[in-house]
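Asks: this is the structure alone, sequence omitted:
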């Protein structure tokens, strides 16, 4: 499937260092950083470093690399936030809820009975994001 990739999307800018992000993990192929409008404390995004609009045009190698990082981050956010579970979300195209058109997975630590904030709600305080990023980075298994 041929889908246009916009290299001016916010995640592409973060990958190029043109926009700030609270990074929690990085390797040769992927980057994990906090969502600035978290639905739960520790809400982390995992992206491939190479262009892919979404799962529909990603290569098998991109998907493999991203899923390895998703698993690593999922374990870390559970540990860092004392979570009982982890929610993984991924959206493809606008009709399915995709807002940023660079392949990404949402990783959210979950505790029973705690509600999620609405999507695209308030921007979290930068100091809180920095603290949460440090907690997750410290919990990443290397």
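Replies: Ah, there it is. Just so it is clear, the structure is predicted and the values come from calculations on it, not from any experiment.
Asks: on the pLDDT front, check the residue nearest to residue 26 when sequence neighbours are not counted for me.
Replies: If the residues on either side of it in the chain are set aside, residue 26 comes closest to residue 32, at 7.2 Å by C-beta to C-beta, 6 or more residues apart in numbering. Using the backbone N, CA and C atoms, a C-beta is placed for each residue, glycine as well. What the model reports for residue 32 is a pLDDT of 98.
Asks: what comes up buried for the longest helix along the chain?
Replies: Identified as the longest helix of the chain according to DSSP state H is helix 60-81. Residues 62, 65-66, 69-70, 72-74, 76-81 are the ones in helix 60-81 that count as buried (16 or more other C-beta atoms under 10 Å).
Asks: want to throw those into a markdown table with pLDDT and distance to residue 47?
Replies: A markdown table is the format used below for the buried residues of helix 60-81 (pLDDT from 0 to 100; distance: C-beta to C-beta, whole Å):
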| residue | pLDDT | distance to residue 47 |
| --- | --- | --- |
| 62 | 98 | 10 |
| 65 | 98 | 10 |
| 66 | 98 | 7 |
| 69 | 98 | 9 |
| 70 | 98 | 10 |
| 72 | 98 | 14 |
| 73 | 98 | 11 |
| 74 | 98 | 15 |
| 76 | 98 | 16 |
| 77 | 98 | 16 |
| 78 | 97 | 20 |
| 79 | 98 | 22 |
| 80 | 98 | 20 |
| 81 | 97 | 21 |
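Asks: for these, which one is nearest residue 135?
Replies: residue 80 (4.1 Å; C-beta to C-beta).
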